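>>> I would like to see how this sequence folds:
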Amino acid sequence: MLLQIKDSGELVEILEIQELIDPNNDVIHAKEQQGQEEQPPDTFKKENLVFPSGEVLPRCWLDANYRHDNG
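Okay, here's the model as predicted:
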């Protein structure tokens, strides 16, 4: 799965989908998609990632207490 870094617009390939959808993880492991060469894995804060369309990640992937919010 590919996501985009908000600030730079660069794409990253998510290595573990479970890590992405677990709201208890603030960071995920992914590889930047730059040029022809394979990039080494790195960590990225989920709050800095969006879908390539620009849509934000679902709140249930980011906030473990999303159901308990009084708002």
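>>> hey, which strand is longest across the protein?
strand 27-32 (DSSP state E).
>>> And the next helix or strand after that strand, what's buried?
Downstream of strand 27-32, the first helix or strand assigned by DSSP states H and E is strand 42-45. Buried residues in strand 42-45, counting neighbours by 16 or more other C-beta atoms under 10 Å, are found at Phe44. In short, each C-beta sits where N, CA and C put it, glycine included.
>>> For strand 42-45, C-alpha coordinates in PDB please.
This file holds the C-alpha atoms of strand 42-45, laid out as PDB (Å, rounded to 0.1, in the frame of the first residue of the first chain):
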ATOM      1  CA  ASP A  42      12.400   4.000   7.800                       C
ATOM      2  CA  THR A  43       9.900   5.100  10.400                       C
ATOM      3  CA  PHE A  44       7.200   7.700   9.700                       C
ATOM      4  CA  LYS A  45       4.600   9.300  12.000                       C
END
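>>> How far does whichever helix or strand comes after that strand sit from its chain's centre?
Once strand 42-45 ends, the next helix or strand along the chain (criterion: DSSP H and E) is strand 49-50. Taking C-alpha atoms, centre = their mean, to the nearest Å, the mean C-alpha location of strand 49-50 is offset from the chain mean by 5 Å.
>>> Next: stretch 25-37.
9 Å.
>>> List of residues touching that stretch?
Applying C-beta atoms under 8 Å, 6 or more residues apart in numbering, the external contacts of stretch 25-37 come out as 2-3, 10-16, 19-20, 38-47, 49.
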